[in-house]
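Asks: curious how this folds, go ahead:
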Amino acid sequence: MNIHKENIYEDLSLILRRAKAVFLLLSIALLLILGYYWKIQVFSYKKYWKLAEANRLRELVLPAPRGIIKDRTQVILADNTAGFKASLVLENSRDPRAACRNSARLLGLDERDLKARIDKFRGAPAFMPIVVKDNLTSEEVALIEARKFELPELNIDVESKRTYPFGKLGAHILGYLQELSPEEIKTDPPGKRRWGDMGGKAGIERQYDGLLNGEDGRVIEVVDNLGKSRGEIGREAPKKGQDVQLTLDYDLQQRAEELLEGKEGSVVVMDPRDGSLLALASYPTFDPNGFISRFTPEEWSELAQDPAHPMENRAIRGLYPPGSIFKIPMALGGLDAGFIDENTTTYCSGSTLIYGNPFNCWFLPGHGLMNLANSIKNSCNIYFYNLGRRMGIETIARYASMLGLGIRTGIDIPGEKDGLVPDPDWKRKTFHTNWYAGETISVAIGQGPLLVTPVQVARLTACVANRGIPVTPHLLSSGGPTDRMEPVAIRPGSFEKVIEGMWRSVNDEGVGKGAHVPGFDICGKTGSTQWISRERAEKLSQQGKSVKKTHSWFTGFAPRVNPRVVVTVLVEFGGMGGATAAPLAGELFKLYKEKYD
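Replies: Numbers count the residues shown, from 1 in each chain. Below you'll find the predicted structure:
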């Protein structure tokens, strides 16, 4: 009997210990629950009060109109129009898959494309609208409104839509808008940009996006449990973006693009007094209106892979050997460094032997005895071959860089390239070999590893027109980089001697005579850059194939005294500069004279 009682007491003590442990656990759990409710109701009540209010309040965004872009005469180049867009709010959907399927059918979209778009914004809050279609017609708006209760997740919003009234005109200058990526939205200040917003991606639209982009407004509505509006309780009006006026002249820009139609190339028209750009044309081009509707990946790929490269702004990104345009800095450097003066002569027989190798002039019969002015007038290669041999590559590179070649101009649109002025250090770093004296001879006439952009050539020409005072090309009418810089370290008298040759080139039956305009003292220089060897060109000609082996250049300014305009023309594979580029420049000089002189 005693043994049995001891066993009973032992069992009861185990039960008591377990009961105490359970009671302790329950007490801790109860305290945690009470603490959590205290946190919700006392410590974090504001947060949950706002969430509760959100169930009866709805915030609608009133998009701000973007600032208008105008030319110097108030011609509107980029404007806004009202439009409708359809958005999906996944939070309002009971079945997201069915909502995607039904919305695609209603909007005439491919269901796979719609799913891909929703996946793109997977990280967005469920209450945020995802834009799925722009530019809705009145019929589409009516159709969606008629099925509003059947598809509560599909909303219609009014938007201020960007439009470019003249289509392709000035497309590379104006740029375009595209939908911001989730990464771009995250980098902006919170609340500044929303999912589905459009932002500037190129040109002026990108450069001055902060000015053009306004501040969105807000409307706070009270809604019932079905999402119906029961009235407003607050409204904040949107603030329109700032208008931007450019230095462009609509007539000159239009004419420049007309002259380039059917070709590949660029035109720059600039006021040398302050760097104001009157025209900046690049061809082929594109219509920025196409970017307003959200591209599919296939549409973007097709445009980006176009072999004509219509998206490339050749004026600031096209890299070309300057050809005989380079004889301008060669002559200035030779004069300033004392290698030549205006009376230095060289006899041109059509070819010469330098370092044991033959070098030809473009004019095979030869020009005869040439001084500096006539060597520029006739673009005599032999004169500048000999000058290049005397100057050496280091001196050539120093003066070319001093005059702004191979260096970004600082133009106020994104994407500008540097170019290249070679020297021995560059060759050692790039090819791990030494510079050979024979390479200098090719560089002396603008060939070899020498690359510039059309806008750099325009800046060089403005510096010559200003007798050594450089300017920064710019497009913004006020607030842009308009200040003149310090004069280059070249004796002012050197410029007059080079200008004399440029004047003869256009007005005294020189190679630039195609740019001549009666009554307008134009000074200019042609250039032709060879891209295939003479032997290869002759072989193609013998095969009956058309050969356009050179890019065609012309750059000049007018008038000779107190210059007011610079015109630079590049036509890819256009042949000789005097035959192709110079007449195009003449048309622009003529229009400028008619309009401003």
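
Asks: can you give me the helices in the stretch 201-350 of the chain?
Replies: Assigned by DSSP state H, counting those that start in this stretch, the helices in the stretch 201-350 of the chain fall at 203-207, 209-212, 250-260, 297-304, 314-317, 327-336.

Asks: packing partners for the fifth one?
Replies: Okay, so that is helix 314-317. Helices and strands touching helix 314-317, as assessed by 3 or more C-beta pairs under 8 Å, 6 or more residues apart in numbering; DSSP states H and E, comprise strand 265-270, strand 277-283, helix 454-465. (Glycine included, C-beta is placed from N, CA and C.)

Asks: got the contact list for that helix?
Replies: Residues from elsewhere that reach helix 314-317, judged by C-beta atoms under 8 Å, 6 or more residues apart in numbering: 172, 264-268, 280-283, 409, 411, 413, 415-417, 453-455, 570, 572.

Asks: model confidence over that helix, on average?
Replies: Regarding helix 314-317, the rounded mean pLDDT is 97.

Asks: ditto for stretch 414-428
Replies: The average pLDDT within stretch 414-428 is 96.

Asks: how about residues contacting that stretch?
Replies: 202-203, 206-207, 313, 316-317, 319, 393-394, 397, 400-401, 405-410, 433-435, 439, 443, 448-453, 455-456.

Asks: just the buried residues of those.
Replies: Buried members of the contacts of stretch 414-428, counted by 16 or more other C-beta atoms under 10 Å: 202-203, 206-207, 313, 316-317, 319, 393, 397, 400, 405-407, 409-410, 435, 439, 443, 448, 450-453, 455-456.

Asks: in stretch 511-519, what's buried?
Replies: Val511, Gly512, Lys513, Gly514, Ala515, His516, Val517.

Asks: now do stretch 81-92
Replies: Those would be Gly83, Phe84, Lys85, Ala86, Ser87, Leu88, Val89, Leu90, Asn92, for stretch 81-92 by 16+ other C-beta under 10 Å.

Asks: just the CA coordinates of it, formatted as CSV?
Replies: Taking C-alpha atoms only, stretch 81-92 is exported to CSV below (Å, rounded to 0.1, in the frame of the first residue of the first chain):
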residue,chain,number,x,y,z
THR,A,81,-2.9,68.0,-76.1
ALA,A,82,-5.5,66.3,-74.0
GLY,A,83,-5.8,62.6,-74.2
PHE,A,84,-7.2,59.5,-72.5
LYS,A,85,-5.3,56.5,-71.1
ALA,A,86,-6.5,53.2,-69.6
SER,A,87,-4.9,51.9,-66.4
LEU,A,88,-5.2,48.7,-64.4
VAL,A,89,-5.5,48.8,-60.6
LEU,A,90,-4.8,45.3,-59.5
GLU,A,91,-6.1,45.9,-55.9
ASN,A,92,-9.6,46.3,-57.3
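
Asks: give me the contacts around that stretch.
Replies: With contacts defined as C-beta under 8 Å, 6+ apart, stretch 81-92 is touched by 96, 99-100, 103, 107, 118, 126-136, 140-141, 144, 152-161, 163, 196, 227.

Asks: do I have it right that Leu591 meets Arg255?
Replies: Yes. Leu591 is within contact range of Arg255, at 5.4 Å (criterion: C-beta atoms under 8 Å).

Asks: measure Phe149 to Asn92 for me?
Replies: 11 Å (C-beta to C-beta, to the nearest Å).

Asks: now the element after the helix or strand of the chain with the lowest mean pLDDT, going C-ward?
Replies: Averaged element by element with mean pLDDT, DSSP states H and E, the chain has its least confident helix or strand at helix 534-542 (a mean of 53). With elements assigned by DSSP states H and E, the helix or strand that comes after helix 534-542 is strand 550-558.

Asks: just checking: what are the partner strands of the helix or strand following that following strand?
Replies: Sequence order places strand 565-571 as the next helix or strand after strand 550-558, per DSSP H and E. Strand 565-571 sits in its sheet next to strand 265-270 (antiparallel), strand 550-558 (antiparallel), going by DSSP bridges.

Asks: hang on, the earlier thing: ok, which of the helices and strands packed on helix 314-317 comes nearest Pro329?
Replies: Closest to Pro329 of these is helix 454-465 (C-beta to C-beta; 6.9 Å).

Asks: what's in contact with the helix or strand following that closest one?
Replies: Following helix 454-465 in sequence order, the next helix or strand is helix 492-507 (DSSP H and E). Contact with helix 492-507 is made by 328, 331-332, 335-336, 341-342, 372-379, 464, 467-468, 510-513, 515-516, 521-526, 556, 560, 582, as judged by C-beta under 8 Å, 6+ apart.

Asks: Phe557 reaches Val565, doesn't it?
Replies: Yes. Counting by C-beta under 8 Å, Phe557 touches Val565, with 6.6 Å between them.

Asks: need the residues touching each of the two.
Replies: With C-beta under 8 Å, 6+ apart, Phe557 and Val565 have common neighbours Pro272.
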